[in-house]
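Student: Return atomic coordinates for the entry below.
(one chain, ligands or ions: 1)
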Amino acid sequence: MTSYLRSWLSSALPTAQPEVTITTHDSSSEDRDDSDNDTVKGDGDGDDDDAPPAFPSLNSAQRIGGTNLTATAPQPQKRSTNGGETQLPNVLRPGTDAKLMPPPPVPSLATRKPGVPSTSSLGVPGSGSRSSLGVPGSSLMPPPTTTKAPAKKSRKVELAPGYGPLDWGNLKKSGRDLRGVDSLMRIPMSVLKQHNKKDDAWSAFNGKVYNITHYLPYHPGGEKELLRVAGRDGTKLFALTHAWVNVDFMLDECLVGFLVPDS
Ligand code: HEM
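Tutor: Sure, this is the predicted structure:
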């Protein structure tokens, strides 16, 4: 056997490889020394040929952290000499890790109801008290505002292609004359009333008079709604529908003057 392996190895390794040492064993010796890791085994009938590399590696931080370097090295093939007890890393040995945190208790999922947390197993503050936040059910439930349908249906209209909010912004920036007047004017109500047509619509909001003609097809509420205030003071109607809309910003390029009392 030994001579066969020696001839096989010498043919498999044609060039001289001085670092490889071929060791031979006395076939009668049952006492094999497996700790000789620095040489390639030549006896072929050993079990260590397929042994995995040491993990964690010998000089790694994991091993250095352990108390006994040799004891924590996993050597799965090696039998222990102390009474046949398998040598385990410290963390796996029973009784040695009293300082480790015990595993968390398994919550009894069977008794859980959807949306109702089990007392405090989730660690959510206030989850044990159902009315702690004044929300019926629990603090984990979505607020009722998101579970109910909106009270009012949107009255927004579908705008024609090319008439979206960005298009209006682009038109304002284009430099095109959207006012139709040369300079800002003092406008009495009698004058405002004359601009009440679709192709010539003025409207007053908070004392400022705007030419809304060009904005009509861009209005998300529709042309018809906006035309209701043509030739009128639209302040009240505007506030009733969408007080959050910034009319001064939206129509800044359409300002024609300021509403003044009739003389
Ligand atoms: C010229 C001034 C006005 C501007 C700049 C303007 C602008 C807007 C904007 C930006 C929206 C969309 C609001 C949103 O997305 O939340 C909107 C919606 C709407 N506007 Fe106006 N608006 C004006 C005047 C008016 C007036 C005077 C009326 C009523 C007569 C009106 C009726 C509506 C309606 C009904 C909607 C749909 C609201 C909804 O249900 O979502 N708007 N408007």
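Student: so the closest residue to residue 222 other than its chain neighbours, which of the three states?
Tutor: In space, and not counting its chain neighbours, residue 222 is closest to residue 157: 4.0 Å by C-beta to C-beta, 6 or more residues apart in numbering. Where C-beta positions appear, they are placed from N, C-alpha and C, glycine not excepted. With DSSP: H, G, I helix; E, B strand; the rest coil as the basis, residue 157 sits in coil.
Student: OK, contacts around residue 157?
Tutor: 220, 221, 222 (C-beta atoms under 8 Å, 6 or more residues apart in numbering).
Student: Model confidence score at it, please.
Tutor: Residue 157 is assigned 96 on the pLDDT scale.
Student: could you measure it against residue 220, distance?
Tutor: According to C-beta to C-beta, to the nearest Å, residue 157 and residue 220 sit 7 Å apart.
Student: Equivalent analysis for residue 54, please.
Tutor: For residue 54, the distance to residue 220 equals 70 Å [C-beta to C-beta].
Student: more crowded one of these two?
Tutor: Remark: of residue 54 and residue 220, residue 220 carries more neighbours, 18 against 14, as counted by other C-beta atoms under 10 Å.
Student: Phi, psi for the residue nearest to that one when sequence neighbours are not counted please.
Tutor: Sequence neighbours aside, residue 156 is the residue nearest to residue 220 in space, at 4.9 Å (criterion: C-beta to C-beta, 6+ apart). Main-chain dihedrals, residue 156, degrees, to the nearest 10: phi -70, psi 150.
Student: Am I right that residue 236 falls within a strand?
Tutor: No - under the criterion used here (three-state DSSP), residue 236 is helix, not part of a strand.
Student: could you measure the residue nearest to residue 220 against residue 222, distance?
Tutor: In terms of C-beta to C-beta, residue 156 sits 8 Å off from residue 222.
Student: what residues does the helix or strand containing residue 166 touch?
Tutor: If you go by DSSP states H and E, residue 166 is part of helix 165-173. Helix 165-173 is contacted by residues 178, 214, 215, 218, 220, 250, 252, 253 when judged by C-beta under 8 Å, 6+ apart.
Student: just the helices in the stretch 151-263 of the chain please.
Tutor: Applying DSSP state H, counting those that start in this stretch to the stretch 151-263 of the chain gives helices spanning 165-173, 189-193, 223-227, 235-242, 247-250.
Student: Buried ones in the last one, by neighbour count?
Tutor: So the one you mean is helix 247-250. 247, 250 (16 or more other C-beta atoms under 10 Å).
Student: got it, and the second one?
Tutor: Applying a neighbour-count criterion of 16+ other C-beta under 10 Å, one finds 191, 192 buried in helix 189-193.
Student: List the contacts of that helix.
Tutor: 202, 203, 204, 209, 231, 232, 233, 259, 261, 262.
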